[in-house]
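[1] Sequence and predicted structure below; questions after.
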Amino acid sequence: MTACAVATVGSPEFTGPAESAGRTEFTVSADGAYAARLALMGGSGDAWFPERWTLDGPEPYAVPLPLDQPEEPDTQVLPLADGRVLVRRRVADRHDLCLLYPAGPGTGQLPVGTVTCPELTLLPPSPDGRCAYALAVGARSTTVWLVAGGTFGPEWVAEVPGRCTGGVWLDRTGRILALDRETDGVVKGVAVDLARGGEVTPLLQITEESNDRLLLADPDSGLLLIRSDAPGHDRLGWGVLGSRRPVRFPECLRPADLTVTPFAVQPGQVLMPESCAVALRIDGAAGSWVGVWRPAGRRLHQRPAPRGWLAGAGLWTREGVLRLPYATDALAYGVAPLDAPLDAPVDAQAEARAQGEAPASGGCPDQDEVTESPQAKSADREPSGAPRTPVMCRPVPLQQAPLTGRGVPG
């Protein structure tokens, strides 16, 4: 996602827990120019309508896109790079798709087509900004549909054996899609090549029995955010696409009595995955707030969220500014900037601990738990001169990534 020059509307009050107005699902287009969500119609407690946000202007603004009837709560919306909003609605045993756009004082609607299946879920925006895809999960396989950007309405793209969920793009062209596939009761991340008829290759295989899911990926750096029970229980970890290093599970990403979920990765850090800032939603008994973490920093910074934050939503600029959308009863839309906190050098943290000093607020021990591949640590599995550029068409399964020393590329 490119940098978005967005400004804050008004002066948001940064509080502790987020107090969101209406739904918090907030989807940003691939280029960061637009976003869409379902919002509550003013004066009504259950009338939903699509709302499009423009994020690349001098200041953000929102445009309601209501039709004659309100939307159902399970309706999905997805913004395209041209400003139109794709809407998926369930109607009996089928799913209707249409594109909405502002048309003078009203809303224009362009029907796209229908997919007949029990369940259809829109995938995150395709990196090309023009196309949109969806998953239809069956009893033994999962179908990938092109639901916008095709020639003649919805088009069948690929069928993947097994029940698949998730959906993360691994490249900038919209060709390689990562899915979490369940087979024989075990979930593993796989890469699906949409340009080769849905050819499937392993992506995450930390252990034979572990459930390994991909949460986020950054194509620029190759950074992967993973959730796995390989350490013995569900943990948040990170790895690098195409790397020979194993997945790491930082201790600081499992604070006591809190749930931590990543939602955005800083773009533009080419070949520098350890320098990428990662935005996290932190949920506790008091509500939701914001966390920022970098693999190299090894500490979790916790920050208050703006009042009305659409919890779990936000986007990074390449310069390291996190943009957090919010909506309150007093202010229907706004974007609050949060500069990524700087990490103290690891040596300084170690010195502070040696002197008995407590880490700064939000800090955590400089310790990573490493789950290594059960395979032999042989450097012969990959050439020693393996390129550092993330491998997109043939991702290396992370189980086959022996830890051969910190001098190894990747």
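    Thanks, I have it.

[2] who touches the nearest residue to residue 131 once chain neighbours are set aside in this structure?
    In this structure, residue 131 finds its nearest non-sequential neighbour in residue 149, 3.3 Å apart by Cβ to Cβ, 6 or more residues apart in numbering. Backbone N, C-alpha and C define where each C-beta goes, glycine included. Listed by Cβ atoms under 8 Å, 6 or more residues apart in numbering, the contact partners of residue 149 are 126, 128, 130, 131, 132.

[3] Among those, which pair sits farthest apart?
    Maximum pairwise distance in these, criterion Cβ to Cβ, is 10.0 Å, between 128 and 132.

[4] Between these two, which has more neighbouring residues?
    Shown here are residue 128 and residue 132; by other Cβ atoms under 10 Å, residue 132 has more neighbours (26 against 16).

[5] Okay, that one and residue 69: tell me how far apart.
    23 Å (Cβ to Cβ, to the nearest Å).

[6] which residues of the stretch 301-410 of the chain score low on pLDDT?
    The stretch 301-410 of the chain contains residues with pLDDT under 70 at 345-410.

[7] again, only using 50
    Within the stretch 301-410 of the chain, the segments meeting pLDDT under 50 span 348, 351-394, 400-410.

[8] Please name the nearest non-neighbouring residue to residue 186.
    residue 211 (6.2 Å).

[9] typo on my end, residue 303
    residue 290 (4.7 Å).

[10] ok, that neighbour touching residue 282?
    Yes - at 6.9 Å, residue 290 counts as touching residue 282 under the criterion of Cβ atoms under 8 Å.

[11] mind putting the contacts of residue 149 in TSV, distance to residue 298, secondary structure and pLDDT included?
    Shown next, in TSV, are the contacts of residue 149 (distance: Cβ to Cβ, whole Å; DSSP: H, G, I helix; E, B strand; the rest coil; pLDDT from 0 to 100):
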residue	distance to residue 298	secondary structure	pLDDT
126	34	coil	97
128	35	coil	94
130	39	coil	94
131	38	coil	96
132	37	strand	98
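
[12] Include distance to residue 257 when you put those residues into TSV, please.
    TSV is the format used below for those (distance: Cβ to Cβ, whole Å):
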residue	distance to residue 257
126	38
128	41
130	44
131	42
132	38
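
[13] which stretch of helix or strand covers residue 144?
    Using DSSP states H and E, residue 144 sits in strand 141-148.

[14] Output the contacting helices and strands for that strand.
    Secondary-structure packing of strand 141-148 (3 or more Cβ pairs under 8 Å, 6 or more residues apart in numbering; DSSP states H and E): strand 85-91, strand 94-103, strand 106-116, strand 132-137, strand 155-161, strand 163-169, strand 176-183.

[15] And the residue nearest to residue 131, how far from residue 94?
    Residue 149 is 20 Å from residue 94, by Cβ to Cβ.

[16] Residue 84 now?
    22 Å.

[17] same question, residue 144
    In this view, residue 144 and residue 94 are 18 Å apart by Cβ to Cβ.
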